[in-house]
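1. coordinates only, no sequence provided:
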Ligand code: 16G
Ligand code: MG
């Protein structure tokens, strides 16, 4: 046994080197044997964790990657002296893909510096894993070696409905067993449910306790908050929820059991696309990504003109609303709209409650936010806007700098964060009138209704529903708050996307030199012309976004900018 004595780690002594017992190193290596690395592949922990094809399960190396994620989770749990989470999902990707991501103790995304460790371990062959694990342990735990001895690492994990899930769980368990992690397998869950559980576990017995760390606790918390905010309001007609044939279907149906029906002053939810028996149905011609990118309703949703509809993605962390009007024109209400809807409501409520002067409310968007949405927030709502690069973690961090930070990507990922200051003020303010009492009760309930750990399609949907009920708005009223600028998104395949380096929250290209000048020149040719190009973080392509005063102009601008990208990409 060669664990160093924790007392050796005091300052002024040479850095201790931790040597793990040989039997532990052997267990790591042996446990990985059934999950060999594929030499020709390179794996990278990206914005959405690791994600790839998993169709024949073991022959793409995802099992190896998942095994190494189990090891990283053990180190992360030791480092933070807390429970961490692992979610096996590939979100909106096709059914044959799968992936994995880590959840940090507060239910947020893995800290960025650890993405590199995860990438290193994922690319390490099985016979070197013990060695590399020990190296990482030294690198990450060196200043708090005592944590090695304090308590076992603790991990909770879950998966979505993909057919490859159960096999990948065996690889994960093999790693967790090899390094003596205490774990709980939560079976099937939505991504936000797992984030919720992680945060509940780690805040238990604190003033910021998040809730009961169970699936039932999640439903009860949300249903109770929903009933409080709904008090005396009526939701107009049913909402049709397309669950992308993913895990959101069974989970939403479970939640419905806890919610009051429309007759009881609650909500009538029609669940569609909830087939989790046919694996190939997942995300196929349905779900939030389909609706957002194709700008049309799922063909089999049977929605009638005027019906209020929304779509979740495969792991239920994204939602978009839409309806078709009497002329059969499709109208999308995306993440930008949910952000403005939520912000209007929260700003109104804080005003009525008489606490608006003490709270800084703001909205966080990415460059993809429609220019009309940004203008509406700044000029009509008079709220500040922060723009960040694409990817939930960037928006989440920026939103945490406000007292009430509403963040959404246009694609439907998002939530609202309340600062400790805001929570305290909302909880402790004494109402001076029935109106103030109602506003404070509603705000208190919103803190519980909204899943602050991470964007949660089901919670966001309920939040949007109660705000619509409070305002007595139809989707058409909601859409009329401002008119989106016509826009166009183009995907350009280039030889090497890494030469496209964006700055200023991805709104400008710093390299290749000269490309931005050309983009600027084209933008100036159109009324309200705005465009940008950024390298995708998830696939080998550059994405171009353009908007302008008319549809034809937006499309023209998009193709001109795409041409600039092609030109520089082939130089
Ligand atoms: C990932 C991100 C999503 C982002 C998308 C952009 C998370 C959980 N997911 O799916 O927020 O919108 O990547 O993809 O952060 P792109 O870089 O290929 O455009
Ligand atoms: Mg998702």
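-> On my side now, so go ahead. Computed from a predicted model, the values in this text were never measured in an experiment. Ligands and ions are numbered 1, 2, ... in the order given.
2. in a helix, that's where residue 303 is, yeah?
-> No - assignment of residue 303 by DSSP: H, G, I helix; E, B strand; the rest coil gives coil, placing it outside any helix.
3. ok, whichever residue of the chain sits closest to ligand 2 - how many residues close by?
-> Proximity of the chain to ligand 2 (Cβ to the ion) peaks at residue 91, 3.2 Å away. (Each C-beta comes from the backbone N, C-alpha and C, glycine too.) Applying other Cβ atoms under 10 Å, we find 28 residues neighbouring residue 91.
4. what kind of secondary structure is residue 387 in?
-> Applying three-state DSSP: residue 387 is strand.
5. tell me the residues of the stretch 351-500 of the chain that contact ligand 1?
-> By Cβ under 6 Å from any ligand atom, the residues of the stretch 351-500 of the chain that approach ligand 1 are 390, 391, 392, 409, 411, 413.
6. now the two most distant members of those.
-> Checked with Cβ to Cβ, those reach their widest spread between 391 and 411, with 11.1 Å between them.
7. of those two, who's got more company?
-> Neighbour comparison, residue 391 and residue 411: the larger count goes to residue 411, with 21 against 18 (by other Cβ under 10 Å).
8. which residues touch the spatially closest residue to that one that is not a sequence neighbour?
-> Excluding its sequence neighbours, the residue lying closest to residue 411 (Cβ to Cβ, 6 or more residues apart in numbering) is residue 292, at 5.5 Å. If you count contacts by Cβ atoms under 8 Å, 6 or more residues apart in numbering, residue 292 has them with 320, 332, 334, 410, 411, 412.
9. which residues touch the fourth one?
-> Spelled out, that is residue 410. 292, 334, 335, 336, 365, 366, 368, 369, 370.
10. nearest to residue 196 among those?
-> Using Cβ to Cβ, residue 335 comes nearest to residue 196 of the contacts of residue 410, at 20.3 Å.
11. okay, the residue nearest to the closest one when sequence neighbours are not counted: pLDDT?
-> Among residues not flanking residue 335 along the chain, residue 408 sits closest, at 3.7 Å (Cβ to Cβ, 6+ apart). What the model reports as pLDDT for residue 408 is 98.
12. beta partners of residue 408?
-> Counting by DSSP bridges, residue 408 is bridged to residue 414.
13. any idea how far it lies from residue 347?
-> Separation of residue 408 from residue 347 (Cβ to Cβ, to the nearest Å): 15 Å.
14. more neighbours: the two, which one.
-> Set side by side, residue 408 and residue 347 show more neighbours around residue 408, with 33 against 18, by other Cβ under 10 Å.
15. contact partners for the more buried one?
-> Taking Cβ under 8 Å, 6+ apart, one finds 335, 336, 338, 339, 364, 365, 395, 414, 415, 455 in contact with residue 408.
16. local confidence estimate at the fourth one?
-> According to the per-residue confidence, residue 339 scores 98 in pLDDT.
17. just to revisit the earlier point, quick check: the two most widely separated of the contacts of residue 410?
-> Among these, 292 and 365 lie farthest apart (Cβ to Cβ), at 15.3 Å.
18. name the nearest residue to residue 221, ignoring sequence neighbours.
-> Distances taken as Cβ to Cβ, 6+ apart put residue 211 closest to residue 221, at 4.5 Å, once the chain neighbours are dropped.
19. correct me, but the one you found touches residue 223?
-> No - counting by Cβ atoms under 8 Å, residue 211 does not reach residue 223; the two are 11.9 Å apart.
20. residue 362 should be in a strand, yeah?
-> Yes - with three-state DSSP as the criterion, residue 362 is part of a strand.
21. that one: how many residues sit nearby?
-> Applying other Cβ under 10 Å, we find 19 residues neighbouring residue 362.
22. just list whatever residues bridge to it.
-> According to DSSP bridges, the residues that bridge with residue 362 are residue 405.
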